[in-house]
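**Q** Quick check, what structure comes out for this input:
(2 chains)
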There are 2 protein chains.
Amino acid sequence: MRIERLALLGIGLMGGSLARALRRAGAVGEIVGCARNTADLGTAVELGVIDRWTTDPAEAVAGADVVMVAVTLGATEQILAKAAPALEPDAVVTDVGSTKGSVVAAARRVLGPAIARFVGGHPIAGSERTGVEASFADLYVNHRVILTPLPENDLQAVAKVRAMWESCGAIVTEMDVAHHDEVLAATSHLPHMLAYALVDALVGMSTSGEIFDYAAGGFRDTTRIAASSPEMWRDIALANAPAVLAMCDRFEATFGAVRAAIAAGDGEALRTIFARAKAARERLPLRGPSR
Amino acid sequence: MRIERLALLGIGLMGGSLARALRRAGAVGEIVGCARNTADLGTAVELGVIDRWTTDPAEAVAGADVVMVAVTLGATEQILAKAAPALEPDAVVTDVGSTKGSVVAAARRVLGPAIARFVGGHPIAGSERTGVEASFADLYVNHRVILTPLPENDLQAVAKVRAMWESCGAIVTEMDVAHHDEVLAATSHLPHMLAYALVDALVGMSTSGEIFDYAAGGFRDTTRIAASSPEMWRDIALANAPAVLAMCDRFEATFGAVRAAIAAGDGEALRTIFARAKAARERLPLRGPSR
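**A** Below is the predicted model:
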């Protein structure tokens, strides 16, 4: 697999790291960057992440055999719409969005028949840091990338996106779009909502200053992800709303059972729930994919 | 401050680490251990943690100037009741329980006038590991210990317990009993309930095996404390039920607001909550007390 020209729409941590990894693997010829912020684009050229740039998505995708959309979820449809008229007939289009149903719906709306070559992707990797300066070639090594092929997808397009990620050292798996969104709602989106809500519950207390002084290690771990980008998680929560709401309901039922057992003084019910959770938690692989 | 004879009722991680730290500081003469399991007691002698042992709490406290109760919350009242008749008239009694209202109530029930020398304590320190084999002299160094003196406490008793912890390298603060339980419900007890409930919500899903395969770093951090002892957390939740339930209510209100904003598609409400939580999370000291 070799990409002759990659159009990289969005040059942050995710896109920048992909570019670096592909270059290191010798898997890409030219990389054309596209973003709104020309200072970021200049930095990306200086860092050797991209070869040249434009602020026009249509210009960026002209002549590209692979188009990577690595912008925020909220900006995805607009940039796809701008790029669509200029796509090469055989260009493969993919993305790195954390939700897939909303991205696929946007792609269907704006790509027309080119949807056959749109292959949604979600690398389960990240970092606390953001921006092209934080990008690094190892970001995806041994991390999972979930592809969500569509029934109408060209099989060669799926194979090309898979090969691209494998050349970056990632472990590629495939999932149905709706199933991806359900799995991620459970393992990532709900935990973020809980962490934000937990911290915000404490912020509202009159003694919150003192309370945060006594926050112990368990609290720090549980709420680490509450330091994530509010804009990114707003977009994810809204983009995957049905699956996230279903998980909220499921969580509220379990939490309600814990609460009821405490209120009733039912120690055996509490011990049963806690022991079941502990056993499941201990079955997690010792090191999983980050983020 | 020097303890002539310490009666250590319970010889697990907490009690064992206190014994090691006091010995290292040259702050204790003899240490008499008491537990139900004679094998553990033998191990504690072999490790040099205690000098001699008995399985009888009354025998253990005879001649002791300081009595440390380091058993589980559920066993505290019974062991105090057994020890009470044999306490020396000037013996200082303290504990390491994670909740203080329930311990103080138990102490009031069984100690009689000796309540004047009962000073509740809670070291904010711990480890994933348990048992005397896991104990180590540095456990409390630079960790907070919260003392909850009572209005009827002898000031010399409070000073002695404070000096004991300071000789172990701990940072001692004092709090009202009810306030301690409220602060800990917020920063420790509620996060544990959430972590257990989150994992248990996922356990019940038909695809839970696959879901745990995709659990990312955020999920792992958020749920680490769900691997804690079910029996210990059952005891804590029940012992501090009023404060824990109040925090559950507070959390459910915030989480309900997040859920309602997602359902309504209200991105600005979500962004506001997430940004407020992120700002509060980032104000946490970089390294806080563990557990």
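
**Q** which residues of the stretch 1-150 of chain A fall in strands?
**A** A:3-9, A:28-34, A:52-54, A:66-69, A:92-95, A:118-123, A:144-148 (DSSP state E, counting those that start in this stretch).

**Q** Nearest spatial neighbour of residue A:80, chain-adjacent residues omitted?
**A** Nearest non-adjacent residue to residue A:80, counting by Cβ to Cβ, 6 or more residues apart in numbering or on different chains: residue A:110, 5.0 Å away. For the C-beta atoms, the positions are set from N, CA and C on the backbone; glycine is no exception.

**Q** Relative to residue A:88, how far out is residue A:244?
**A** Distance of residue A:244 to residue A:88, computed by Cβ to Cβ, to the nearest Å: 36 Å.

**Q** The two: who's more crowded?
**A** Ranked by neighbour count (other Cβ atoms under 10 Å in any protein chain shown), residue A:244 and residue A:88 place residue A:244 first, with 28 against 17.

**Q** Quick check: pLDDT value at the more buried one.
**A** The score at residue A:244 is 98. That number is its pLDDT.

**Q** Pull the contacting residues for it.
**A** A:185, A:189, A:190, A:193, A:237, B:262 (Cβ atoms under 8 Å, 6 or more residues apart in numbering or on different chains).

**Q** For residue A:261, give me phi and psi.
**A** Torsion angles at residue A:261 (phi, psi; degrees, to the nearest 10) stand at phi -70, psi -40.

**Q** Name the nearest residue to it, ignoring sequence neighbours.
**A** Using Cβ to Cβ, 6+ apart, the closest residue to residue A:261 is residue A:269 (4.0 Å).

**Q** tell me which element the one you found is part of?
**A** In the assignment (DSSP states H and E), residue A:269 maps to helix A:267-282.

**Q** Pull out the buried positions in that helix.
**A** Neighbour counts over helix A:267-282 (16 or more other Cβ atoms under 10 Å in any protein chain shown) mark A:267, A:269-278, A:280-281 as buried.

**Q** Pick out whichever of these sits closest to residue B:258.
**A** Closest approach to residue B:258 among the buried residues of helix A:267-282 (Cβ to Cβ): residue A:277, at 22.0 Å.

**Q** Skipping its backbone neighbours, what lies nearest that closest one in space?
**A** residue B:199 (3.9 Å).

**Q** Check the spacing between that neighbour and residue A:147 real quick.
**A** With Cβ to Cβ as the criterion, residue B:199 and residue A:147 are 28 Å apart.

**Q** and residue A:106, what is it in contact with?
**A** With the criterion set at Cβ under 8 Å, 6+ apart, residue A:106 makes contact with A:76, A:77, A:80.

**Q** switch the cut-off to 6 Å
**A** For residue A:106, the contacting residues are A:76, A:77, by Cβ atoms under 6 Å, 6 or more residues apart in numbering or on different chains.

**Q** What of residue A:195?
**A** Residues near residue A:195 by Cβ under 6 Å, 6+ apart: A:223, A:225, A:226.

**Q** so which of these are also by chain B?
**A** A:223, A:225, A:226 (Cβ under 6 Å from any Cβ of the partner chain).

**Q** Next step: the residues you listed restricted to helices.
**A** residue A:223 (DSSP state H).

**Q** number of nearby residues for the residue of the stretch 1-150 of chain A found nearest chain B?
**A** Nearest residue of the stretch 1-150 of chain A to chain B, counting by Cβ to the nearest Cβ: residue A:124, 5.3 Å away. When neighbours are defined as other Cβ under 10 Å, residue A:124 has 24 of them.

**Q** With residue A:266 instead?
**A** Neighbour number of residue A:266 under other Cβ under 10 Å is 15.

**Q** what does the model give it for pLDDT?
**A** Reported pLDDT for residue A:266: 98.

**Q** where in the stretch 151-291 of chain A is pLDDT low?
**A** Along the stretch 151-291 of chain A, segments meeting pLDDT under 70 span A:285-291.

**Q** hang on, residue A:222 packs against residue B:191?
**A** Yes: using Cβ atoms under 6 Å, residue A:222 is in contact with residue B:191, at 4.4 Å.

**Q** got the residues of the stretch 1-150 of chain A near chain B?
**A** So the stretch 1-150 of chain A meets chain B at residue A:124 (Cβ under 6 Å from any Cβ).

**Q** What segments of the stretch 101-250 of chain A are helices?
**A** A:101-111, A:155-167, A:177-184, A:190-203, A:208-213, A:217-223, A:230-239, A:241-264 (DSSP state H, counting those that start in this stretch).

**Q** With distance to residue B:213 as added columns, please give those in a markdown table.
**A** Formatted as a markdown table, the helices of the stretch 101-250 of chain A follow (distance: least, Cβ to Cβ, whole Å):
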| stretch | distance to residue B:213 |
| --- | --- |
| helix A:101-111 | 21 |
| helix A:155-167 | 18 |
| helix A:177-184 | 9 |
| helix A:190-203 | 16 |
| helix A:208-213 | 34 |
| helix A:217-223 | 21 |
| helix A:230-239 | 20 |
| helix A:241-264 | 17 |
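
**Q** looking at those, which is buried most?
**A** Stretch with highest mean neighbour count among these: helix A:190-203 (a mean of 26; mean count of other Cβ atoms under 10 Å in any protein chain shown).

**Q** Taking helix A:241-264 as reference, get the angle to it.
**A** Relative orientation of helix A:190-203 and helix A:241-264, computed by axes from the mean of the first three to the mean of the last three Cα atoms, to 10 degrees: 50 degrees.

**Q** Let's see helix A:190-203 as PDB, backbone CA atoms only.
**A** Taking C-alpha atoms only, helix A:190-203 is exported to PDB below (Å, rounded to 0.1, in the frame of the first residue of the first chain):
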ATOM      1  CA  LEU A 190     -20.700   7.600  29.400                       C
ATOM      2  CA  PRO A 191     -17.500   7.600  31.500                       C
ATOM      3  CA  HIS A 192     -16.800  11.200  30.300                       C
ATOM      4  CA  MET A 193     -20.300  12.300  31.200                       C
ATOM      5  CA  LEU A 194     -19.900  10.800  34.700                       C
ATOM      6  CA  ALA A 195     -16.600  12.400  35.300                       C
ATOM      7  CA  TYR A 196     -17.800  15.800  34.200                       C
ATOM      8  CA  ALA A 197     -21.000  15.400  36.300                       C
ATOM      9  CA  LEU A 198     -19.100  14.300  39.400                       C
ATOM     10  CA  VAL A 199     -16.700  17.200  39.400                       C
ATOM     11  CA  ASP A 200     -19.500  19.600  38.700                       C
ATOM     12  CA  ALA A 201     -21.600  18.200  41.500                       C
ATOM     13  CA  LEU A 202     -18.700  19.100  43.900                       C
ATOM     14  CA  VAL A 203     -18.100  22.500  42.400                       C
END
